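**Q** Sequence and predicted structure are below.
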Amino acid sequence: MKIIGGTASLPIAEDLSHLLSIDLIKIETKRFPDGELYVRLLGPVENEEIIVIQTTFPDEYIIELFFLLDAVKRAHAKSITVIIPYFGYGRQDKQFKQGEPISAQALATLFSINVDKIITIDPHKDHILDFFTIPAYGISAVESIADHLRTKNINVVLAPDKGALERAQNAAKILNCDVDHLEKTRIDGTTIKITPKTLDVKNKNVAIIDDIISTGGTMATAIRELKKQHASKVYVACTHGLFAGNAIEKLQNAGCDEIIATDTIQSPFSTVKTAAVIAKTIHDFSR
Ligand code: R5P
């Protein structure tokens, strides 16, 4: 077994190479003068079980992954497993309005070509896995996030909406603390409304856990609500930190004490590593 790390996920590939004691095949990437991407494998893959790992965000990493998969197939790999730590476009998982694509399905169909198996971390919705035409598995980073929160003396885990409740419940179980949720209504891409609700958070440390932080609007609104209700420290934690625009500033201005994300998307806040949970899954598959 050998691993190839796309540019978006090289640090996880290096961690996995170390944890699984497998070779990391280096790649060369460059841009042609017109901006088109060039990709080349710098090691042999013939008759090898190959893992290719690449987050598909932002868009440039989607094309890089397609080219890597084509290169691996052409070089006669024995099998190809793709790991997509963050599967982009997961939020366009249905047609919300007539005339729209189902972007998540369109990409999943293409990523299934030449590939034997796919693993992704905390897909936005579970049914996204059914969009792939090959076996697809979702794994959760919630245990790793909860482990990271162990030292923070968390009293309450809060889900910003009902959709995030199961994740919050799982974290609360690990942290042995209370759990609650807010009711969120999305008005548009950047505006959300949270229904006022009395929470048992006065003088308590709270961790708000969600799958994605994008504009930071959801988390900032939840932080403000918690601060209004005199919560002590407020931590925000997510699997996928997209941090679009001024998201960080929004979270800080709302009174957030710490921003925690995993390394599915590399940022200064990617303090939670996902290689261990991925390695365990790969190990379980190869038994
Ligand atoms: C929505 O369903 C997701 O779970 C997140 O709550 C959402 O993507 C966060 O977006 P934003 O940071 O822009 O509020």
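**A** In hand now; what should we look at?
**Q** secondary structure element for Ala172?
**A** Taking DSSP states H and E as the definition, Ala172 sits inside helix 165-175.
**Q** what about that helix, near the ligand?
**A** No: judged by C-beta under 6 Å from any ligand atom, helix 165-175 and the ligand are separated, with a smallest distance of 9.2 Å. Backbone N, C-alpha and C define where each C-beta goes, glycine included.
**Q** any bit of the next helix or strand after that helix sitting next to the ligand?
**A** As assigned by DSSP H and E, the chain's next helix or strand after helix 165-175 is strand 178-181. No: residues of strand 178-181 are not located near the ligand by C-beta under 6 Å from any ligand atom, the shortest gap being 11.9 Å.
**Q** how about the residues of the stretch 51-200 of the chain near the ligand?
**A** So the stretch 51-200 of the chain meets the ligand at 160, 163-164, 192 (C-beta under 6 Å from any ligand atom).
**Q** Could I get the buried residue list for the top helix by length along the chain?
**A** What stands out as the longest helix in the chain, according to DSSP state H, is helix 60-74. For helix 60-74, the neighbour count (16 or more other C-beta atoms under 10 Å) marks 61-62, 64-69, 71-72 as buried.
**Q** What segments of the stretch 51-200 of the chain are strands?
**A** In the stretch 51-200 of the chain, the strands defined using DSSP state E, counting those that start in this stretch lie at 79-84, 117-121, 136-139, 156-159, 178-181, 184-186, 192-194.
**Q** Can you give the contact residues for the longest helix of the chain?
**A** 4, 6-8, 27, 29, 37, 39-41, 45, 50, 52, 54-56, 80, 82, 84, 88, 107, 110-111, 113-115 (C-beta atoms under 8 Å, 6 or more residues apart in numbering).
**Q** hey, where'd the helices end up in the stretch 1-150 of the chain?
**A** Using DSSP state H, counting those that start in this stretch, the helices of the stretch 1-150 of the chain run over 10-20, 60-74, 103-111, 142-149.
**Q** Ser232 and Ala207 touch, don't they?
**A** No: the criterion here is C-beta atoms under 8 Å, and Ser232 misses it with Ala207 at 11.8 Å.
**Q** Between the two, which has more neighbouring residues?
**A** Each of Ser232 and Ala207 has its neighbours counted (other C-beta atoms under 10 Å); Ala207 has more, 27 against 15.
**Q** Partner strands of the helix or strand where that one lies, with direction?
**A** Ala207 belongs to strand 206-213 when elements are defined using DSSP H and E. Within its sheet, strand 206-213 is paired with strand 156-159 (parallel), strand 234-241 (parallel), according to DSSP bridges.
**Q** Save those strands as JSON lines, and put in mean pLDDT and mean neighbour count too.
**A** JSON lines is the format used below for the strands paired with strand 206-213 (pLDDT from 0 to 100; neighbours: other C-beta atoms under 10 Å):
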{"stretch": "strand 156-159", "mean pLDDT": "98", "mean neighbour count": "26"}
{"stretch": "strand 234-241", "mean pLDDT": "98", "mean neighbour count": "27"}
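**Q** Next, see if the strand holding Ala207 gets close to the ligand.
**A** Yes: interface with the ligand: strand 206-213 contributes 210-213 (C-beta under 6 Å from any ligand atom).
**Q** Quick check: the farthest pair among those residues?
**A** Asp211 and Ile213 (8.9 Å; C-beta to C-beta).
**Q** Overlap of the contact sets of the two?
**A** Between them, Asp211 and Ile213 share these contacting residues under C-beta under 8 Å, 6+ apart: 238, 240.
**Q** Those two: which has the busier surroundings?
**A** Neighbour count, other C-beta under 10 Å: between Asp211 and Ile213, Ile213 has more, with 30 against 21.
**Q** What's opposite the more buried one in the beta bridge?
**A** With DSSP bridges as the rule, Ile213 is bridged to Gly241.
**Q** who's in contact with it?
**A** Ile213 makes contact with 219, 236, 238, 240-243, 247, 251, 259, 261 under the criterion C-beta under 8 Å, 6+ apart.
**Q** Can you check the pLDDT for it?
**A** Predicted confidence (pLDDT) for Ile213: 98.
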